[in-house]
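J.: Just to be clear, the model below is a prediction. Sequence and coordinates:
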Amino acid sequence: MKKEFDLTSHVLVPKHILMNKKEVEELLEKYKITLNELPRISLKDPVVAKLNASLDDVVKIIRSSSTSGESEFYRRVVK
Amino acid sequence: MTTDYLFKKIDKIRFGVISHKMIKKMASAKIVTPELYDKEGYPVDGGLMDTRLGVIDPGLKCKTCGSKLKECIGHFGYIELARPVIHVKFVKIILDLLRCTCQECGKILLPDEYIKKHMKKFSSIEKRKGQKFKRVKVKELIVKLKTINKCPHCKAKLSKIKIEKPYTFYQGDKRLNPIEIRTRLEKIPDEDCRLFGLNPEVVRPEWMILTLMAIPPVTMRPSITLESGERSEDDLTHKLGDVVRINQRLFENINAGAPEIIIEDLWDLLQYHITTFFDNNIAQLPPARHRSGQPLKTITERIKSKEGRIRHNLAGKRTNFSSRTVISPDSMLALDEVGIPKEVAMKLTIPERITEWNFEYLKKYVENGPKKYPGANYIIRPDGKKKKITDETKEQLLEELQPGYYVERQLLDGDVAIFNRQPSLHRMSMMCHRIKVLPYLTFRLNPAVCAPYNADFDGDEMNLHIPQTEEARAEAEILMQVQTQLISPRYGLGIIACNQDAISGNFILTKELKLSREDAIQLLASIGIEDFTNFSNSDIVEGKDVFSFVIPKDFNFKGKTRAGEEVVIEKGKLKKGFMDSANLGSGSGLLIRNLHKNYGSAMTIDILGKLFRLGIKVLLKYGFSTGLADTDLPEESRDKIKEILSNSEVKVDSLIQSYVKNELNALPGRTVRETLELRILETLNKARNECGRIVFKTLDKNSHTLIMANSGARGNIINLAQMASCVGQQALRGERIERGYKDRTLSCFKQDALGSEAHGFIGRGFKQGLKPHEFFFMAMTGRDSLMDTALRTPKSGYLYRRLANSMQDLKVEYDYTVRNASKKIVQFTYGDDGLDVSRTEGGNINIKKIIQSVL
């Protein structure tokens, strides 16, 4: 049996975190937006699939940035 | 005018094919004769210029709507075709329909159960990919089910439908004429049309065969009256004339019972004329031509392509109050000025409203008229009527003039203009300048603003626009003035800065010059400084002090030169170091960046202008010229270079030897041959660089050529080395030259020669001159790079355009998020750090400096 590759361990895959309801509310309040204004990510995205997310969840993505060291990004899970 | 508009929202637009019933319904005249005008020159009734189709002559009235010229928008007519004709634009879909339906019963060649079963699939394809794909799918299915040979409904045996382009159909070997095709199409049931993506309410297949033809109104094909009084008709009218004429002949022949062959021939001719009426650019058809031989411009040509109605007339943009001419430099202009020719200033105008207070001032211009500068070209009455000022009308207009009138006066010094050079790739490509009216016929600009426009003076032309309203002028001045564009939003450093002579001049001045007090004052006076109250009293003035006199008295600055030496300015005095491109040049000038930060844009631009002129004036006064003699090397360094080159030659030979003997170790991921090439390239480049170093070391630092290279004004060490000692390896696509003859580059080398000389290394300088083969190798790389730039420019230009267009509605909101036009978030913090690059120093914030300045 071939050993399955854990893609989240790859250097080029940034950290994805599923946000809970409270965090999402705070995020939407912070930017004064609805879920609609968030960037999207597919439910079938390999990392999202691993996170066990459902539709309209929000994923927080932390990635390294050349200008600010680390930056946060948020995406809404869509079909 | 009423203000109670009815607002309606367009929900959807439905396209269909026009039916013969509809053609008849909307037509206001039946056209029966190809004649246009009678003996008196009036339009013939039932002719193509029938007054029921609209009017194009002044004085006549439209018989349909009763309006005069320009009021009547025109009305359609129709002709009854003697025999039906295929519309070329529908040939493709007609072919599909014929192939996919039964020749006997007209039903689609799919069994009913099958359609029912797959209805859902079809509609989902339609929703996702559109009707075209649904049609393709239906076609594929029919081929797959092999119902193509036998109808699943009436079991009729079917023969193959072929098409001979552009519009002749065959069933088996028998030709189908349009009448037969039409009856076939009529048989197709409505439900089956839907499967093809045709809504039978608006598109019945048989409507694609014309039995009536709509005649466009005369207003869309007006005739022109030539100077000789002769009439010249529009291309469409010509074409319609042909159609009507042949149609009449066909009618006559049919009625007279002419033989079938003649009728068929005329029918084909009618088909040809109607086809070219719609599209005169069909591959298999000879285009219809004028008597002069030039092809007619019919309906498709009118709409299509860059010169067509859509891209040229609807999406095209034109502008008034603008001017274009060649540019030339004038460093005595301020940076935010633009010199315009008097001739241009007298043509372009600015409207100014007359009030009680400026009445006398504007009257003066009207008195001068259009021919005496500064004058005025037009006046505009309060009712909007525009009157040209001429010698005849001047007296009368002057009397009429009163507050409320507008005077379109000619341009004056100090008016604002928007100056632009294409390609307008960034916002600095259009800047607002103050006008300065000058003699001669070119636009003049300060060479310091060449960088943002990317302009030079080898024949470049630029455009000038004059804002016409107070609002436009205010907006231009606030947003677009040269001052506001000093710092590039791309990298946060000055983009408008010193260049070329201005840099080398300041370099010489601050590095070594000593001037007499008189000279110094003259120099400073010549760049526009008038106040010498605090100027040094000693007889000999240091160049540094002259430079310092231009910058503000309380300016402090610490920086580095290109070479890394320290530059210190304390209290407006240059204490240490000298000026070069690192501090003055565009894209690097930290000095200018700091001036801008401390004193604001207006002052910076003034200082920059003065520094620029100072540099040039220094060179003007002390002379500056460059020559080949500057690159002369002494005997001893020439020997040294010779040695380096022969050493590298030996090294290359030994590499080749070891390769031939198969002793060379391959680098990881490379073949042995590639390794050899890399090693040779490395050795030769090293040799070239070493030569450059020796050249640089031995050449006279005070020679003007070296001053240019050292100050960063123009040229670099490699350029010098290429002139003095060694041009170096010529490379094609990153490799040594390999192309040419079989196994060798040129016929003067041995086959399979691997040596440096045989593959384009030039171990000689331009000054010594090149050997023929070296010259040839250079020409190869020269041509290659020329082609490369010529091909790359439009490609990268288009790439840039696509990027710019896709990002044009992105905007940084007040919460630092980047959002698009529908306010969706694209980035949560602009650039991840929320920094406005144009407020930084080269992308960084100097926190230390901020803290120091606060304490």
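T.: It's in.
J.: quick one: buried residues of the helix or strand of chain A with the lowest mean pLDDT?
T.: Of the helices and strands making up chain A, the lowest-confidence element is helix A:46-51, at a mean of 89, by mean pLDDT, DSSP states H and E. Within helix A:46-51, the residues that count as buried by 16 or more other Cβ atoms under 10 Å in any protein chain shown are A:47-48. For every residue, glycine as well, the C-beta is placed using N, CA and C.
J.: Ok, stretch B:480-496 next?
T.: Taking 16+ other Cβ under 10 Å as the neighbour-count basis, stretch B:480-496 is seen to contain the buried residues B:480-488, B:491-496.
J.: packing partners for the least confident helix or strand of chain A?
T.: Judged by 3 or more Cβ pairs under 8 Å, 6 or more residues apart in numbering or on different chains; DSSP states H and E, helix A:46-51 is in contact with strand A:15-18.
J.: Might you calculate how far the least confident helix or strand of chain A sits from the centre of the chain?
T.: Taking Cα atoms, centre = their mean, to the nearest Å, one finds the center of helix A:46-51 at 9 Å from the center of the full chain.
J.: Put the alpha carbons of the host helix or strand of B:I94 into CSV.
T.: For B:I94, the element it lies in under DSSP states H and E is helix B:91-100. Listed next in CSV are the C-alpha coordinates belonging to helix B:91-100 (Å, rounded to 0.1, in the frame of the first residue of the first chain):
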residue,chain,number,x,y,z
VAL,B,91,-26.2,28.5,-44.4
LYS,B,92,-24.5,26.7,-41.6
ILE,B,93,-27.7,26.2,-39.5
ILE,B,94,-29.7,25.3,-42.6
LEU,B,95,-27.2,22.5,-43.3
ASP,B,96,-27.5,21.2,-39.7
LEU,B,97,-31.3,21.3,-39.9
LEU,B,98,-31.4,19.5,-43.2
ARG,B,99,-29.0,16.8,-42.0
CYS,B,100,-30.7,16.2,-38.7
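J.: helices or strands next to it in the packing?
T.: Secondary-structure packing of helix B:91-100 (3+ Cβ pairs under 8 Å, 6+ apart): helix B:131-145, strand B:161-164, strand B:168-171, helix B:178-187.
J.: Could you pull out the buried residues of that helix?
T.: For helix B:91-100, burial by neighbour count (16+ other Cβ under 10 Å) applies to B:91, B:93-100.
J.: Then stretch B:456-469?
T.: For stretch B:456-469, the neighbour count (16+ other Cβ under 10 Å) marks B:460, B:462-467 as buried.
J.: Of the buried residues of stretch B:480-496, which ones also sit close to chain A?
T.: When the buried residues of stretch B:480-496 are checked against chain A using Cβ under 8 Å from any Cβ of the partner chain, none falls in range.
J.: tell me, which of the buried residues of stretch B:456-469 make contact with chain A?
T.: Near chain A, judged by Cβ under 8 Å from any Cβ, there are no entries from these.
J.: For the residue of the stretch 451-600 of chain B found nearest chain A, give me the pLDDT.
T.: Nearest to chain A in the stretch 451-600 of chain B, going by Cβ to the nearest Cβ, is B:G492, at a distance of 12.5 Å. Looking at B:G492, its pLDDT stands at 85.
J.: next one: B:K146
T.: 60.
J.: B:T3 now?
T.: We have a pLDDT of 65 for B:T3.
J.: before we move on, the earlier item: out of the helices and strands packed on helix B:91-100, which comes closest to B:N583?
T.: Counting by Cβ to Cβ, B:N583 lies closest to helix B:131-145 out of these; the figure is 62.7 Å.
J.: and residue 7, how many neighbours?
T.: No chain was given, so I picked chain A. 12 (other Cβ atoms under 10 Å in any protein chain shown).
J.: should've been chain B
T.: Applying other Cβ under 10 Å, we find 4 residues neighbouring B:F7.
J.: any idea what it is structurally, helix, strand or coil?
T.: Assigned with DSSP: H, G, I helix; E, B strand; the rest coil, B:F7 falls in the coil class.
J.: Over to B:A758?
T.: Going by three-state DSSP, the state assigned to B:A758 is helix.
J.: list the contacts for the residue nearest to it when sequence neighbours are not counted?
T.: The shortest distance from B:A758 to any residue other than its chain neighbours is 4.2 Å, reached at B:F749 (Cβ to Cβ, 6 or more residues apart in numbering or on different chains). Counting by Cβ atoms under 8 Å, 6 or more residues apart in numbering or on different chains, B:F749 touches B:757-758, B:773.
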